[in-house]
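In: attaching a predicted model along with its sequence, questions to come.
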Amino acid sequence: MTGRALALAAVALSTLAGAAGVAGLAARRTAPEAAPPLDVVTLDGRRASLASLRGRPVVVEFFAPWCPECRRDVPKLNDLASRGTAVLAVAGEGTREDVLAFARETGARYPIALGDPDTAARYGVSTYPTRFLVGPDGELVGRDVDFPRILREVRP
């Protein structure tokens, strides 16, 4: 084979390999996943559920009152809530008094609920904070999402 023929063969093989790789990626994509059900009572006694928030993006944050990073999240979550994004925080640990003190000390202005082990388990929560982004249609858009991604997803 000449040098030119070898070069053409290499380009052809590279193109085929690239196409196979793209096809492989497309095949690995999974169907959209519905967010696990979430139906809680907030600290002020109101019922909150993902079903009632359909039509809006929702940030669900599982937190613990003792968690320093969770405290640092409050201004960001307040900002999201003030801009129309639904925010729902679920305390994975702590007593009602601990969670009320957290809300008061941090100035949280979004619904906060006491969670339970079953709720945390349904969401696979093992550390705090753990954030989930749920799309307006109830699909789970992201697990363990960071604030830059949340901002990209919820703001035009």
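Out: Received, thanks.

In: pLDDT weak spots in this structure?
Out: Counting by pLDDT under 70, the chain contains low-confidence ranges at 1-31, 156.

In: for this protein, what spans make up the helices?
Out: 3-28, 68-82, 96-106, 117-123, 147-154 (DSSP state H).

In: so who does the residue positioned nearest the centre of the chain touch?
Out: By CA atoms, centre = their mean, the chain has its centre lying nearest to Phe132, at 1.9 Å. Shown in contact with Phe132 (CB atoms under 8 Å, 6 or more residues apart in numbering): 35, 59-61, 123, 140, 142-145. In this view, the C-beta of every residue, glycine as well, is placed from N, C-alpha and C.

In: just the buried ones out of those residues, please.
Out: 35, 59-61, 123, 140, 145 (16 or more other CB atoms under 10 Å).

In: next one: stretch 88-96 to chain centre, how far?
Out: Mean-position distance between stretch 88-96 and its chain equals 17 Å (CA atoms, centre = their mean, to the nearest Å).

In: pop the domain breakdown of the chain in here.
Out: 1-30, 39-154 (automatic domain parsing).

In: not counting its neighbours along the chain, what's nearest Ala103?
Out: If the residues on either side of it in the chain are set aside, Ala103 comes closest to Ile112, at 5.4 Å by CB to CB, 6 or more residues apart in numbering.

In: hmm, Thr42 and the one you found touching each other?
Out: Yes - using CB atoms under 8 Å as the test, Ile112 is close enough to Thr42 to be in contact (6.2 Å).

In: which of those two has more neighbours?
Out: Set Ile112 next to Thr42 and count neighbours by other CB atoms under 10 Å: Ile112 wins out with 27 against 17.

In: quick one: residues contacting the nearest residue to Val87 once chain neighbours are set aside.
Out: Of all residues not flanking Val87 in the chain, Tyr110 sits nearest, at 4.0 Å (CB to CB, 6+ apart). Taking CB under 8 Å, 6+ apart as the contact definition, Tyr110 lies against 77-78, 81, 87-89.

In: of these, which is the most crowded?
Out: Most surrounded of these: other CB under 10 Å gives Ala89, at 28 neighbours.
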